[in-house]
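Asks: quick one, what's the 3D model for this:
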Amino acid sequence: MKQHAMKNSTAPMDQNLDVTKPNRRDWLSSTLAASVAGLMNSNWVQAQEDFRFTHPLRLIVPYPPGGAGDIVARLLTTRLSQALGQTVVVDNRAGGAQLIATDLAAKAPPDGYTLFLASTTHSINPSLIKQLPYDTMKDFAPITLVASSPMMWVVHPSLGVNSIAELVSKAQANPAAINYGSSGPGSGGHLAVELLKSMAGVQMTHVPYKGAGPALSDLLSGQIQVVCTSPLPAMPHVKTGRLKALAMTSAKRTPLAPDLPTVAEAGYPEYQASLWYALMVQSQVPSAVQARLYDAAIKTLKGPETSEQFKVQGADVAAYTPAMTDAFIRAEIQRWSTLISHAQIKI
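Replies: Alright, predicted model coming up:
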């Protein structure tokens, strides 16, 4: 993605050149180059300022309604619509380990009207699925990293465990008898549980869903016993006592639940997992349109109302630049690739 401002570069000065008597040809060349660069920069900035969306946009979300990704999407679009001057409609496309939504977004017309809310699974799939119908990095341009949050281990009270240590002990005593749900194969919640299984040497049976909403629904009814998911959809049920929170997946305790220990504290110091959400478009979207989206997104995310709403839900606003977001996603792909290979996790 192109940067929002063009930077002039200065070549090393020729030591034999008398700078007090500039060569006329060199002076004319440098003056012309500077004028062209200035004109290009001015035209680019003007194009960005002049660009206006003329009809509603859609944000493709790889989750069904009710899950963490859906909550993040709706918190974002409420004020993003105001910043863009056009309604941004959430388009939930769940299922297929997020391949359905991601492929749909990758192949949408590159005009800036179709946005995509990528998540942790976007960086996990390249290591789990051999033939993706899209190119994770080449087909998308990052606008900004919207937010991130640790995950929360929650269980149905009938399981009778109050900590990660007790969960591991129960799983050791009853191999594969405990069923855990996730947002689908390759999701952050799926990999978070598989990581603990690998570290603790225990077995639990994976029950994949199309999103955190359906998984939590079955957890609440007792059809499954464990879910590791974002605090956003889980915390309300923990507060009412319908679910029991065991631990957070962050490296350190979070202000959201300061009394809740981390998995690392339970004897797994290298354990850490998190969820993140990034706003993206097709890589062929014109840079001026990308810049317009970035400016609107940053204005939205840095607004005190949005930041506070995310914080209440247990998520931290990121508001990264496109370059920072690109570097972050590449690092995440490498991190999950290493973990998946080491733990020998397969779909």
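
Asks: which strand or helix spans the residue nearest to L256 when sequence neighbours are not counted?
Replies: Spatial nearest neighbour of L256, excluding adjacent residues (Cβ to Cβ, 6 or more residues apart in numbering): G314 at 4.4 Å. Using the backbone N, CA and C atoms, a C-beta is placed for each residue, glycine as well. For G314, there is no host helix or strand (DSSP states H and E).

Asks: which stretches of the stretch 101-250 of the chain form helices?
Replies: 120-128, 164-173, 188-200, 212-220, 231-239 (DSSP state H, counting those that start in this stretch).

Asks: redo these as JSON lines? Include mean neighbour count, distance to P157 and mean pLDDT.
Replies: Shown next, in JSON lines, are these (neighbours: other Cβ atoms under 10 Å; distance: least, Cβ to Cβ, whole Å; pLDDT from 0 to 100):
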{"stretch": "helix 120-128", "mean neighbour count": "23", "distance to P157": "28", "mean pLDDT": "94"}
{"stretch": "helix 164-173", "mean neighbour count": "17", "distance to P157": "13", "mean pLDDT": "97"}
{"stretch": "helix 188-200", "mean neighbour count": "23", "distance to P157": "19", "mean pLDDT": "92"}
{"stretch": "helix 212-220", "mean neighbour count": "23", "distance to P157": "10", "mean pLDDT": "94"}
{"stretch": "helix 231-239", "mean neighbour count": "19", "distance to P157": "11", "mean pLDDT": "90"}
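
Asks: just the terminal-to-terminal distance for stretch 146-164.
Replies: The first and last residues of stretch 146-164 sit 30 Å apart, counting by Cα to Cα, to the nearest Å.

Asks: how far is that stretch from where the chain is centred?
Replies: Relative to its parent chain, stretch 146-164 has a centroid offset of 20 Å by Cα atoms, centre = their mean, to the nearest Å.

Asks: how about it: buried residues?
Replies: Using 16 or more other Cβ atoms under 10 Å as the test for burial, stretch 146-164 gives 146-156, 159, 161, 164.

Asks: next, the contact list for the residue nearest to L256, please.
Replies: Residues in contact with G314 (Cβ atoms under 8 Å, 6 or more residues apart in numbering) are 149-150, 152, 230-232, 235, 254, 256.

Asks: repeat for H156
Replies: Each residue near H156 by Cβ under 8 Å, 6+ apart is listed here: 219-220, 222, 224-226, 243-244.

Asks: 6 Å - rerun?
Replies: Shown in contact with H156 (Cβ atoms under 6 Å, 6 or more residues apart in numbering): 219, 222, 225.

Asks: from the residues you listed, which is closest to E308?
Replies: The nearest member of the contacts of H156 to E308, counting by Cβ to Cβ, is L219 at 28.2 Å.

Asks: out of the helices of the stretch 101-250 of the chain, nearest to A297?
Replies: Closest of the helices of the stretch 101-250 of the chain to A297 is helix 120-128, at 17.2 Å (criterion: Cβ to Cβ).

Asks: hmm, who's touching the closest one?
Replies: Residues outside helix 120-128 that contact it (Cβ under 6 Å, 6+ apart) are 98, 136, 186-188, 191, 275-276, 329, 332-333, 336-337, 340, 347.

Asks: tell me what angle that helix forms with helix 188-200.
Replies: 60 degrees (axes from the mean of the first three to the mean of the last three Cα atoms, to 10 degrees).

Asks: for helix 120-128, what is the distance to the chain centroid?
Replies: The answer for helix 120-128 is 11 Å, by Cα atoms, centre = their mean.

Asks: output it as PDB, nothing but the C-alphas.
Replies: Listed next in PDB are the C-alpha coordinates belonging to helix 120-128 (Å, rounded to 0.1, in the frame of the first residue of the first chain):
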ATOM      1  CA  THR A 120      -6.800 -14.100  13.800                       C
ATOM      2  CA  THR A 121      -8.000 -16.900  11.600                       C
ATOM      3  CA  HIS A 122      -6.800 -14.900   8.600                       C
ATOM      4  CA  SER A 123      -3.200 -15.500   9.800                       C
ATOM      5  CA  ILE A 124      -3.800 -19.100  10.900                       C
ATOM      6  CA  ASN A 125      -5.400 -20.500   7.700                       C
ATOM      7  CA  PRO A 126      -2.200 -20.300   5.500                       C
ATOM      8  CA  SER A 127      -0.600 -22.900   7.900                       C
ATOM      9  CA  LEU A 128      -3.600 -25.200   8.100                       C
END
